[in-house]
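Chemist: sharing a model that was predicted from the sequence below.
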Amino acid sequence: WYHHNLSRHAAEALLLSNGTDGSFLLRKSKENENLFSLSVRAKDSVKHFHVERINSSYKFGFNEFSSLKEFANHFANQPLIGSETGTLIVLKSPYPRAVEEPSIYESVRVHTAMQIGKTKDDLVLNAPSLGTKEGYLTKQGALVKNWKTRWFTLQRNELKYFKDKWSTEPIRTLDLTECTAVQFDYSQEKINCFCLVFPERTFYMCAKTGIEADEWIKILRWKLIKVRSHLGLHYTCPSKPFLGG
């Protein structure tokens, strides 16, 4: 969970997008070669703490630890500090350094709400690949076969779609662990279409461009491969266009 050159902004993006309460990582501080920064997620924010290396020990506040493992074990039970919401922050889940990511991804914007006291020059808009994607797609209805534009978000193994970008509650959440295939579709009259095949229904959607459709397909297939690997199953990409109804 030591991420050597990870920036403060990228750490926030990683923990907010992929982490849970208590997820943490350690990174090199930019202030001093003997200083580290411990980044911990608490609710919807990320807190940063200094950890100083003194010879072979690590100092945090008034405490010293002989190793980082001892440090993490100690604060897994003892809260670091209370957040603004009154939530106690403990170290629950180390965020691993070796996280495999897809080759294509959507740029992640760090919420400016996290940057209180920062100038616009301090804001970093692009973070490393997080295995997430969002954007507008045109989706075919289930009963009435009309097409409506919806805002889609992909995080972890959930593909959600909303009425628009500003909606807070999704219309539906698709669990990719139940998806059996993702592929280009040529059965519709529209172009740049692809489909997600589930046991109970096939979802059809179209992107504005072929490149965008290809990006969605690649990242969704990557997710399915990860799901199958985790479940001990094998995923085979379709070799022929899907023409079913």
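Modeler: The structure has been received and is ready for your questions. Residues are numbered from 1 along each chain as shown.

Chemist: what about residue 31, how many residues nearby?
Modeler: For residue 31, the tally of surrounding residues (other CB atoms under 10 Å) stands at 9. (Each C-beta comes from the backbone N, C-alpha and C, glycine too.)

Chemist: cool, residue 76 as well?
Modeler: Neighbours of residue 76 (other CB under 10 Å): 14.

Chemist: where does it land on pLDDT?
Modeler: Note on residue 76: pLDDT of 74.

Chemist: same check on the one 3 residues further on?
Modeler: Looking at residue 79, its pLDDT is 71.

Chemist: please apply the same query to residue 173.
Modeler: You'll see residue 173 listed with a pLDDT of 94.

Chemist: buried ones in the one helix or strand it maps to?
Modeler: Residue 173 is located in strand 172-175, with elements delineated by DSSP states H and E. Neighbour counts using 16 or more other CB atoms under 10 Å place residue 174 of strand 172-175 among the buried residues.

Chemist: do the same with stretch 149-156
Modeler: Using 16+ other CB under 10 Å as the test for burial, stretch 149-156 gives 150-154.

Chemist: between the two ends of stretch 195-202, how far is it?
Modeler: 7 Å (CA to CA, to the nearest Å).

Chemist: follow-up on the earlier one: mind giving me the packing neighbours of the helix or strand that comes right after the strand holding residue 173?
Modeler: Using DSSP H and E, the next helix or strand after strand 172-175 towards the C-terminus is strand 181-184. On a contact count with 3 or more CB pairs under 8 Å, 6 or more residues apart in numbering; DSSP states H and E, strand 181-184 meets strand 193-197, helix 210-231.

Chemist: beta partners for residue 46?
Modeler: Here residue 46 sits in beta bridges with residue 41, going by DSSP bridges.

Chemist: residue 154: which element?
Modeler: Using DSSP H and E, residue 154 sits within strand 147-155.

Chemist: pairing partners for that strand, with directions?
Modeler: On the basis of DSSP bridges, the sheet neighbours of strand 147-155 come out as strand 133-140 (antiparallel), strand 158-162 (antiparallel).

Chemist: the last one: which residues count as buried?
Modeler: I take that to be strand 158-162. Under 16+ other CB under 10 Å, the buried positions of strand 158-162 are 159-162.

Chemist: most tightly surrounded among the helices and strands packed on strand 181-184?
Modeler: strand 193-197 (a mean of 20; mean count of other CB atoms under 10 Å).

Chemist: okay if I get the buried residues of stretch 149-156 as TSV plus pLDDT?
Modeler: Below are the buried residues of stretch 149-156 laid out as TSV (pLDDT from 0 to 100):
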residue	pLDDT
150	94
151	93
152	94
153	90
154	87
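
Chemist: between these, which sits nearest residue 172?
Modeler: Among the buried residues of stretch 149-156, residue 150 lies closest to residue 172 (CB to CB), at 9.3 Å.

Chemist: residue 66 versus the most far-flung residue of the chain relative to its centre, what's the distance?
Modeler: Distance from the C-alpha centroid of the chain peaks at residue 55, with 36.1 Å (CA atoms, centre = their mean). Using CB to CB, to the nearest Å, residue 55 is found at 10 Å from residue 66.

Chemist: thinking again about what came up before, looking at the helices and strands packed on strand 181-184, which is nearest to residue 35?
Modeler: Ranking the helices and strands packed on strand 181-184 by proximity to residue 35 (CB to CB) places helix 210-231 first, at 35.2 Å.
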